[in-house]
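In: Below is the structure, and that's it, no one-letter string:
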């Protein structure tokens, strides 16, 4: 006893008490060495203890507690392995032992170990229940087949639960499911299957699967036999219900339903094989088949009596058609091919159809016989109607088409022959070469009218035949009527009277056909009435036109000789033709002759009076007026004589014109003689008067043949001028040369001179005014003659004349009789030219609108030249319109045309080929830069459109070298000019090459992304494909490649785990985790392999953890257990890799998703247990060294020697491990201060040198 222990007063008091109580016969129990029997015998012989509570008090040494604790841990480890083997009696034994120890020792650690075991056991039972019920649900609800092994496996789960029943009662509470829960779950699932089966049809393939499952389960679990039998009863009732509805479906012609029922019954035969009575189902099946065929056979025989009748009615045809339709429906019911052979129905169908066809052929024979008789059309209608009635049967219609239409063709031929006979008669009638027999034609028409019913067989045949005949007659009548009424019978067309009268007589001959065609009478009467009214109107017009009263009122001013001539011709033609109103014609003729005669008498007297005045008058104006009238009358007589001989023949004197020629010639001679006398006597004033008279009478020279008044005038005028100053001649010359300034000077000279000068002034004014009038007239005529072209020379002449007129107005305005005419003429000419140019501008606009640019430019150039030539005579409006035309041309070319082709889609080039506009612009692009500009813009726009289409083709997804844009491009490019087409076709080829390359690039991009393992890149590509509907095929391909890669990764992970390559496995696990995190929303199929890998990781960790804790922390380890050491080393390496993985990804979600639940707690527990384990051994080593307890030292050195290599590897591993702020640091921190094997040996060596080791000391060093 040490001094310290002796100084402990309490300890010493306790020790004294123990010595006192154990002074006499103490009993000491050594639980490890003493025999229980010897101890008990000695105890029996010992003195009875009166107060056991004072004597026996429980106590336990630390060593015993450690031994108990280790034993409990062994129990716990054994229980965990026993739980996996479901050895529940052994488990109960372990738990009973723990319960006793807990009750006896009342230690907390026993309670904790017992509770841990109970929780593990509960967890195992719950998991086994969940696993068993889950597998059963999978088998019954999702697998196609259930095997005996599946049911036996479930029975195994039930057996395990039953084995654990006693354990559940003694140690487990109600949280653990009862063994009957397995059976209840089975019954629940079978009931669910039963409910599902009741909703299914008898031919549902899943019925067989589920029925077989329930049947198999029933063999092992009789509890569900009643459910199985209720399922069979339910389907038996469904089969009977189907069979019962068959007859109703058959009689309502729902053959597809009948076929479905027979097929269902046939399928039931296979589905409920070994479930229901097969013979009963077979008998029902053949009974339905026989009933089906019997139904059709009897329905056709019931209609045989109809074919013995001579005529079929509509109800008969309906019954036949219904029967045939039913047969055809049955034949066309595809689903009947399985239960009923098509030939069986076809035989019934063909037999019935042959009876119908035979009845049809008999009617056709009757029609052929009837066509050989006269007036057959009346008797054939009913027979044809019979054929039509039979052909209402759809199947008969096709088979009788050839015979039916051949028969109709014969009938049509018969009608066409009647038509030809009628047309031949009409031909004779219309040609008019010979007289027609009007009795035969009505008879022929009557025969045709009896064929009205044929119209419904060939639309338009009857109407074409009878209407054609009637129409020919009607058209002939109408043609004659129109020819008559459309003929103009005015006075100008008297030569048409003969033709009109001939047609009118022919038309009246057609009255004999009014009994057949009463409508023609109206046209005939209309033509007769029109002719009479027209001629009467002409007669009245002639009578009123040539009225004597009106002629007198007009003072016999003129006679419309042309019209009068036409009237005479017209009236004579009517008189010769013996028209109905001939008397009226004769009356008008007499009136017209009287009118002409009176007119001739009047003008003869008038002319004589005026000629006398001319001879005697000195008034120039009066002479001029009378000469004008006389000239007009003589010209009128001459014209009447030449142009209207019939009118002239009714004049009172037939030589009136010749008489006046003689009279004028005589007076011309007299006037010449008198002027010679006056000239000789130099009587200038009188001579001047006669000169004026001669000048005036020169208007009558055209009626003279030899001597003329103008010759006299010219001859004596020269003499008259020679007697005066030459000024007058100078004036005339200036007028001819348009020298109006000179004329003005000379005129002023004459006007200011003597009487002769004034005379010449007055004489000069006349040619001056006349010349100016001629100039005005010539200018206006030139302007009027401007037509479709504008001659430049004419414009130049017009401009020169206008300038002359302006100079005339400037210099000689006061010498003119009508000076205002100059301004009026200039304005008139400008207006005419303006109107002509406007027409040309309209044409030019039309040419521009029609894109005829070459012609438009030519006309614009011409109009521009004319505008420049006109100068100031071009109106502002014309000038503006020409400028606007240029702007309009620019707008059309640069805006409309360019815009049209800019906005036009290339698909519109089919109707508006660009080659046309390019060709038109090509013709004029050298004449105007706007065409070249427009051409370039259109070319650029078109090229841009085609290139845009190529861009769309390249951007179209998915890439396709034959997409819609390529086809659109190829369709439109052929309408371009060759150069553009060739260039674009090269670009098209490049585009197709680019698309092909794009397809390859997509493939390469996809393959590279998948092969690179860059998950984010894969995700971006997949999102890109997913967001585009057209790229779904690429998206599916990416998913397939990703799933293939995941499969490969999982295979690598499994291989690594099999080879215990934990670090490499975690490398692939991290890849799998990245796939899962990035792609799980896009590829749901990742979850399954990921979950499998995670379960594998958890299992690997659990196995390593249990292996290490069970082996390494065990107190009973033999030095020779190399296999155990290797297993522990393997488990520790695995755990360290887990810790390294955890430390490498600290604070990352991957740890939560991959590592087992409670990983950190379990690692902390592991480290704590290792620390406690080594602390315990180190304490024991120190204690053994102090006490020189060789057995303890030997045991400790054995343990340290066994695990020395493992500890060394852990430390080496730590030294190479870069990240030291980890769980490994905690582990090494624990292991670092621990004495390893070599240090312990060193301590023992030092002890050996310093102190004796005892009897066994040398053996320790020999062992180590």
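Out: Structure's in. What do you need? The shown structure was predicted, so the numbers you read here are calculated from the model rather than taken from an experiment. Numbering: from 1, shown residues only.
In: can you pull out the helices in the stretch 251-400 of the chain?
Out: 255-271, 278-301, 314-332, 342-370, 377-391, 394-399 (DSSP state H, counting those that start in this stretch).
In: Out of these, which is closest to residue 831?
Out: The closest of the helices of the stretch 251-400 of the chain to residue 831 is helix 377-391. By Cβ to Cβ, the value is 76.5 Å. Where C-beta positions appear, they are placed from N, C-alpha and C, glycine not excepted.
In: chain center to that closest one: distance?
Out: Between the centre of helix 377-391 and the centre of its chain there are 52 Å (Cα atoms, centre = their mean, to the nearest Å).
In: For it, enumerate the helices and strands it packs against.
Out: Packing partners of helix 377-391 (3 or more Cβ pairs under 8 Å, 6 or more residues apart in numbering; DSSP states H and E): helix 314-332, helix 342-370, helix 401-431.
In: would you list these in TSV and tack on mean pLDDT?
Out: Listed next are the helices and strands packed on helix 377-391 as TSV, based on pLDDT from 0 to 100:
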stretch	mean pLDDT
helix 314-332	76
helix 342-370	78
helix 401-431	74
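In: Out of the ones you listed, flag the one nearest residue 841.
Out: Per Cβ to Cβ, nearest to residue 841 of those: helix 401-431, 54.8 Å.
In: and the closest one, what other elements does it pack with?
Out: When contacts are defined as 3+ Cβ pairs under 8 Å, 6+ apart, helix 401-431 packs onto helix 342-370, helix 377-391, helix 440-449, helix 461-485.
In: residue ranges with poor pLDDT in the stretch 1-150 of the chain?
Out: Low-confidence segments of the stretch 1-150 of the chain, defined by pLDDT under 70: 1-6, 8-11, 14-15, 18, 20-33, 39, 43, 45-61, 142-145.
In: would you list every one of the helices in it?
Out: Under DSSP H, counting those that start in this stretch, the stretch 1-150 of the chain gives helices at 3-7, 9-21, 36-45, 52-55, 62-85, 88-105, 108-141, 148-163.
In: Domain-wise, how is this structure divided?
Out: 3-57, 66-178, 239-399, 413-545, 904-999, 1013-1082, 1093-1263 (automatic domain parsing).
In: end-to-end on the second one?
Out: Think domain 66-178. The first and final residues of domain 66-178 sit 37 Å from each other (Cα to Cα, to the nearest Å).
In: now that domain, how far from the centre of its chain.
Out: 69 Å.
In: quick one: low-confidence parts of the stretch 451-600 of the chain?
Out: In the stretch 451-600 of the chain, residues with pLDDT under 70: 451-453, 455, 459-470, 512-513, 515-516, 548, 551-558, 577-578, 580.
In: swap that for the stretch 601-750 of the chain, sorry
Out: 682-688, 719-737, 740-750.
In: what's the neighbour count on residue 565?
Out: Neighbour count of residue 565, defined by other Cβ atoms under 10 Å: 18.
In: no wait, residue 794
Out: When neighbours are defined as other Cβ under 10 Å, residue 794 has 16 of them.
In: check contacts around it.
Out: Residues near residue 794 by Cβ atoms under 8 Å, 6 or more residues apart in numbering: 782, 785, 786.
In: Mind putting those residues into TSV with distance to residue 331?
Out: Below are the contacts of residue 794 laid out as TSV (distance: Cβ to Cβ, whole Å):
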residue	distance to residue 331
782	94
785	89
786	87
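In: Among those residues, which lie within helices?
Out: The helices, defined by DSSP state H, take in residue 782 from those.
In: which one of the contacts of residue 794 is nearest residue 560?
Out: residue 785 (30.1 Å).
In: Now do the buried residues in the helix or strand containing residue 1077.
Out: Using DSSP states H and E, residue 1077 maps to helix 1062-1079. Neighbour-count burial for helix 1062-1079 flags 1062, 1064-1066, 1068-1079 (criterion: 16 or more other Cβ atoms under 10 Å).
In: likewise stretch 834-843?
Out: 834, 836, 837, 840, 841.
In: what about the helices in the stretch 851-1000 of the chain?
Out: Using DSSP H, counting those that start in this stretch, helices in the stretch 851-1000 of the chain cover 853-870, 876-891, 898-903, 914-924, 929-955, 964-973, 978-1012.
In: Please produce CSV containing the ones you listed, extended by distance to residue 1186, mean neighbour count and mean pLDDT.
Out: Converted to CSV, the helices of the stretch 851-1000 of the chain look like this (distance: least, Cβ to Cβ, whole Å; neighbours: other Cβ atoms under 10 Å; pLDDT from 0 to 100):
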stretch, distance to residue 1186, mean neighbour count, mean pLDDT
helix 853-870, 126, 18, 72
helix 876-891, 122, 15, 75
helix 898-903, 109, 16, 75
helix 914-924, 114, 18, 71
helix 929-955, 89, 17, 76
helix 964-973, 97, 17, 78
helix 978-1012, 66, 15, 75
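In: wait, which of those helices is closest to residue 1110?
Out: Nearest to residue 1110, of the helices of the stretch 851-1000 of the chain and by Cβ to Cβ, is helix 978-1012 at 44.1 Å.
In: now residue 370: how far from residue 82?
Out: 111 Å (Cβ to Cβ, to the nearest Å).
In: Give me the more crowded residue out of these two.
Out: Shown here are residue 370 and residue 82; by other Cβ under 10 Å, residue 82 has more neighbours (18 against 15).
In: Enumerate every residue touching that one.
Out: Contact partners of residue 82, counting by Cβ under 8 Å, 6+ apart, are 90, 91, 94.
In: Pipe those residues into TSV and attach distance to residue 593 per row.
Out: TSV is the format used below for those (distance: Cβ to Cβ, whole Å):
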residue	distance to residue 593
90	163
91	160
94	165
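In: Out of the helices of the stretch 251-400 of the chain, indicate the one that is most buried.
Out: helix 255-271 (a mean of 21; mean count of other Cβ atoms under 10 Å).
In: sorry, back to before: let's have the helices of the stretch 251-400 of the chain in CSV, adding distance to residue 765.
Out: Formatted as CSV, the helices of the stretch 251-400 of the chain follow (distance: least, Cβ to Cβ, whole Å):
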stretch, distance to residue 765
helix 255-271, 118
helix 278-301, 124
helix 314-332, 109
helix 342-370, 106
helix 377-391, 98
helix 394-399, 105
